[in-house]
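# return a 3D structure for these sequence lines:
(one chain, ligands or ions: 1)
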Amino acid sequence: MKGSQAIIKSLTDEGVDVVFGYPGGVLLPLYDVIYDSDLKHILVRHEQCAAHAADGYARASGKVGVCIGTSGPGATNLVTGIATAYMDSAPIVALAGQVGTSLIGNDAFQEVDTIGITMPISKHSYQAMESSEIPQMIRSSFYIARTGRPGPVVVDLPKDVQEGELDYPENITIDLPGYKPTKKGHPLQVKKAAELILKSKKPVILAGGGVIHSDSSEELQHLSEMIGAPVTTSLMGKGCFPEDHSLSLGMLGMHGRKASNMMVDECDCLIAVGCRFSDRTTGDVNKFAPNAKIIHIDVDPAEIGKNVAVNVPIVGDAKIILSHLLRIISQTKGINNHDWTDYVRTFRASCMPRLSFDDTPLKPQQVIKEISEAVTDDTIVTTDVGQNQMWMAHYFTSRNPRKFLSSGGLGTMGFGFPAAMGAKVAMPDNDVVAVCGDGGFLMVCQDLATVKEYDIPVVVCVLDNRYLGMVAQWQKLFYDERISQTKLNAMPDFVKLAEAFGVNAYRVERPGEMKETLQEALNSGEPTLIDVMIDPDEILPMVPPGCGLTEIVGEYKVERENPDEIPYRPSAQETGGD
Ligand SMILES: Cc1ncc(C[n+]2csc(CCOP(=O)(O)OP(=O)(O)O)c2C)c(N)n1
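Numbering: from 1, shown residues only. Predicted structure coming up:
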């Protein structure tokens, strides 16, 4: 068969049934095979959206997402999406067209060094120089993308390699010397960690995206309840522990919940699971968790000691290591940390953020409260980047893994909408809502055509403040309110814009309208845009860059005076369960 046919067969053999792509000259052989293959191809309107959609597909489903772009500008347009997936450990395979092998290095038309460009932002990049390499290369790409610490893999496919003939092998075995991800944690390290935990009087768990990738939410919750450790998460970990659980503290860090920041400062043992101690999570590392011994569980050995010095590192799969820890701890007489958990709950109740506001223009807190009321536990929510993202991270209650998707590491404006598109394609039975800023949505709005054409019923909520809000916030707080180039003066009417693409659209301006409108949009089963006019002056409390986690700027308003009114689910510990 031809190389192009081998690409499609390899994808199909990996269980791929949908790809997000955009064709070009060097991809003609591949697209000619796509013409009558069973593989569903979604023609995006910009390659960046293909990569983000593949990423959203992967994050929502746990499967590998696939995107395709042509050589040169197609490949460079994929780059932002590849880097986004790399920073957040999302498993995607990016197939890039390349000029013919005889032209490589000649500055041929639409030639770029895709391997050189993507090497530092991908888990691995392959270039096929012979058609016969394709089956093995694509099989290995999927294996690398989804195993160990997941991440993007790039496969560069010159035109003549797609055209050449090969004999497709009967059996393909994976043989990657030098790539053997560790699964089981070292038993002595696990024992040391258990001893530290058993000695601790004030433990806190910090859960990151690794908990979601390793599917270890259940084990994490079990550990938290067993040892009375409240759980805070990084942005990437949001949803891995139910945020309405009585031991949940919410997100940690620059825009984190006060209770999280203060309890990490106070704890005597921090159990960090699948998190990389990003600067947005830790603040000034010299002031981070100053009273704690730190246990760090991570599948990637390169993360150990990278940002924060730890006492007990354990390299391996979080699910396996947490199960091991649980086994050891359950064989002891256990721990009674009731004083600590009571203290934490009382503290948390004293600084719950206020969500209800009657104001017009709308306060983002009120909008997010109404979004929370309109969605269910199965709804997948994506965010863009900026204030919209941090408002959602701070105020939205997430209860399940793979339901809150956001660009954490790269902070890519333009991620939210195409990621939602990919998530909906992966999980058609789940409602999918994208919460974006007006600046970020405008960067990718052309893909309204894609959701319309393929009938992908996502709901995009544009939090419209006519500012590049997050940058303006920093200018207000740290640059004497000198609003330099962050006011968006000429913006489209988003309702008309959506309608021009044939997409239903609404405008929301007053309290109470958001919930009803979002429910209506979700019930319609059609792609919809909701333009939400919000107060441009609202500022989220934050830890200024370079400060410790307790040095919070901005006001936390108390939602309820009486902690008993807080609608938290009692933990199993409180109800006597396990
Ligand atoms: C591609 C890209 N360019 C620039 C930035 C820097 N940046 C971070 S937040 C932000 C403002 C985002 O504005 P908007 O999308 O309107 O969202 P808001 O903050 O108002 O919610 C900018 C420019 C970025 N993160 N990504």
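# contact residues of this structure facing the ligand?
384-388, 411-414, 437-440, 463, 465, 467-471 (Cβ under 6 Å from any ligand atom). From N, CA and C alone the C-beta is placed, and that goes for glycine too.
# could you rerun that using 5 Å?
Within the chain, the positions near the ligand by Cβ under 5 Å from any ligand atom are 385-388, 411, 413, 437-440, 468-471.
# tell me the average confidence for stretch 478-495?
The average pLDDT for stretch 478-495 rounds to 94.
# can you give me the pLDDT of the closest residue to the ligand within the stretch 251-400 of the chain?
Sorted by distance to the ligand under Cβ to the nearest ligand atom, the residues of the stretch 251-400 of the chain start with Gly386, at 2.4 Å. Looking at Gly386, its pLDDT is 97.
# might you report the residue contacts of it?
Gly386 makes contact with Met413, Gly437, Gly439, Gly440, Leu468, Gly469, Met470, Val471 under the criterion Cβ atoms under 8 Å, 6 or more residues apart in numbering.
# of those, which belong to helices?
Residues from the contacts of Gly386 lying in helices, with DSSP state H as the criterion: Gly439, Gly440, Gly469, Met470, Val471.
# in TSV: these, plus neighbour count and pLDDT.
Converted to TSV, the ones in helices among the contacts of Gly386 look like this (neighbours: other Cβ atoms under 10 Å; pLDDT from 0 to 100):
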residue	neighbour count	pLDDT
Gly439	25	98
Gly440	28	98
Gly469	28	95
Met470	24	94
Val471	17	94
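# among those residues, which two are most distant?
Spatially, the most separated pair among the ones in helices among the contacts of Gly386 is Gly440 and Val471, at 11.6 Å (Cβ to Cβ).
# quick one, strands of the stretch 451-578 of the chain?
459-464, 504-508, 528-533 (DSSP state E, counting those that start in this stretch).
# pipe those into CSV and attach mean neighbour count and mean pLDDT per row.
Shown next, in CSV, are the strands of the stretch 451-578 of the chain (neighbours: other Cβ under 10 Å; pLDDT from 0 to 100):
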stretch, mean neighbour count, mean pLDDT
strand 459-464, 30, 98
strand 504-508, 20, 98
strand 528-533, 25, 98
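# out of those, which is closest to Leu488?
With Cβ to Cβ, the closest approach to Leu488 among the strands of the stretch 451-578 of the chain belongs to strand 459-464: 9.4 Å.
# and that closest one, how far from the chain's centre?
18 Å (Cα atoms, centre = their mean, to the nearest Å).
# quick one, that strand and strand 504-508 angle?
Put simply, strand 459-464 runs at 40 degrees to strand 504-508, going by axes from the mean of the first three to the mean of the last three Cα atoms, to 10 degrees.
# relative to strand 528-533, how tilted is strand 459-464?
Using the same axes, to 10 degrees: strand 459-464 against strand 528-533 is 20 degrees.
# other residues contacting strand 459-464?
Counting by Cβ under 8 Å, 6+ apart, 364, 367, 371, 387-388, 391, 416-417, 420, 431-438, 441, 491, 494, 514, 518, 521-522, 527-534 sit against strand 459-464.
# now the buried members of those residues.
With neighbours counted using 16 or more other Cβ atoms under 10 Å, those contain these buried positions: 364, 367, 371, 387-388, 391, 416-417, 420, 431-438, 441, 494, 514, 518, 521-522, 527-534.
# packing partners for the helix or strand containing Ser125?
Taking DSSP states H and E as the definition, Ser125 sits inside strand 124-127. Here strand 124-127 touches helix 114-118, helix 134-146, strand 153-158, going by 3 or more Cβ pairs under 8 Å, 6 or more residues apart in numbering; DSSP states H and E.
# buried stuff in the shortest one?
So the one you mean is helix 114-118. Thr114, Ile115, Ile117, Thr118.
# does the third one touch Asn77 like I think?
No. Using Cβ atoms under 8 Å, Ile117 and Asn77 do not qualify as a contacting pair, with a distance of 11.5 Å.
# contact partners for Tyr506?
Contacts of Tyr506 were listed using Cβ under 8 Å, 6+ apart, and they are Val495, Thr517, Glu520, Ala521, Thr528, Leu529, Ile530, Asp531.
# er, Met262 I mean
Residues in contact with Met262, defined by Cβ under 8 Å, 6+ apart, are Phe347, Cys351, Leu549, Thr550.
# A PyMOL selection for those residues, restricted to the buried ones, would help me check which they are.
Remark: buried members of the contacts of Met262, expressed as a PyMOL selection using 16+ other Cβ under 10 Å:
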select buried, resi 347+351+549
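# how much space between the closest residue to the ligand within the stretch 51-200 of the chain and Gly414?
Proximity of the stretch 51-200 of the chain to the ligand (Cβ to the nearest ligand atom) peaks at Thr80, 7.0 Å away. For Thr80, the distance to Gly414 equals 8 Å [Cβ to Cβ, to the nearest Å].
# what about these two, which has more around it?
With neighbours defined as other Cβ atoms under 10 Å, Thr80 and Gly414 compare such that Gly414 has more, 26 against 21.
# where does the nearest residue to the more buried one once chain neighbours are set aside land on pLDDT?
By the measure of Cβ to Cβ, 6 or more residues apart in numbering, the closest residue to Gly414 outside its immediate chain neighbours is Met443, 3.9 Å from it. Looking at Met443, its pLDDT reads 98.
# kindly report the same for the one 3 residues further on.
Listed pLDDT for Gln446 reads 98.
# count of neighbours near the closest residue to it other than its chain neighbours?
Nearest non-adjacent residue to Gln446, counting by Cβ to Cβ, 6+ apart: Arg45, 4.3 Å away. For Arg45, the neighbour count with other Cβ under 10 Å is 18.
# in this structure Arg45 contacts Glu453, no?
No. In this structure, Arg45 is not within contact of Glu453 by Cβ under 8 Å, at 9.3 Å.
# quick one: mean pLDDT over the strand or helix carrying Arg59.
In this assignment (DSSP H and E), Arg59 forms part of helix 47-61. Per-residue pLDDT over helix 47-61 has a mean of 98.
# show me what it is packed against.
When contacts are defined as 3+ Cβ pairs under 8 Å, 6+ apart, helix 47-61 sits against strand 18-21, strand 65-69, helix 73-87, strand 92-98, strand 404-405, helix 416-426, helix 438-444.
# mind running it again at 7 Å?
strand 18-21, strand 65-69, helix 73-87, strand 92-98, strand 404-405, helix 416-426 (3 or more Cβ pairs under 7 Å, 6 or more residues apart in numbering; DSSP states H and E).
# out of those, the one nearest Thr281 is which?
Of the helices and strands packed on helix 47-61, nearest to Thr281 by Cβ to Cβ is helix 73-87, at 13.2 Å.
# could I get that closest one in CSV with only the CA atoms?
What follows is helix 73-87, C-alpha atoms only, in CSV (Å, rounded to 0.1, in the frame of the first residue of the first chain):
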residue,chain,number,x,y,z
PRO,A,73,2.6,27.7,7.9
GLY,A,74,0.3,24.8,8.6
ALA,A,75,2.9,23.3,10.9
THR,A,76,3.8,26.6,12.6
ASN,A,77,0.1,27.3,13.2
LEU,A,78,0.0,24.0,15.0
VAL,A,79,2.9,25.0,17.2
THR,A,80,1.0,27.0,19.9
GLY,A,81,-1.4,24.0,20.3
ILE,A,82,1.5,21.6,20.6
ALA,A,83,3.2,23.7,23.2
THR,A,84,0.0,24.1,25.1
ALA,A,85,-0.5,20.3,25.2
TYR,A,86,3.2,19.8,26.2
MET,A,87,2.9,22.2,29.2
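# what residues sit buried inside that helix?
For helix 73-87, by 16+ other Cβ under 10 Å, it's 74-87.
# turn those into JSON lines, including pLDDT and distance to Leu28.
Shown next, in JSON lines, are the buried residues of helix 73-87 (pLDDT from 0 to 100; distance: Cβ to Cβ, whole Å):
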{"residue": "Gly74", "pLDDT": "98", "distance to Leu28": "13"}
{"residue": "Ala75", "pLDDT": "98", "distance to Leu28": "16"}
{"residue": "Thr76", "pLDDT": "98", "distance to Leu28": "19"}
{"residue": "Asn77", "pLDDT": "98", "distance to Leu28": "18"}
{"residue": "Leu78", "pLDDT": "98", "distance to Leu28": "18"}
{"residue": "Val79", "pLDDT": "98", "distance to Leu28": "22"}
{"residue": "Thr80", "pLDDT": "98", "distance to Leu28": "25"}
{"residue": "Gly81", "pLDDT": "98", "distance to Leu28": "23"}
{"residue": "Ile82", "pLDDT": "98", "distance to Leu28": "23"}
{"residue": "Ala83", "pLDDT": "98", "distance to Leu28": "27"}
{"residue": "Thr84", "pLDDT": "98", "distance to Leu28": "28"}
{"residue": "Ala85", "pLDDT": "98", "distance to Leu28": "27"}
{"residue": "Tyr86", "pLDDT": "98", "distance to Leu28": "29"}
{"residue": "Met87", "pLDDT": "98", "distance to Leu28": "33"}
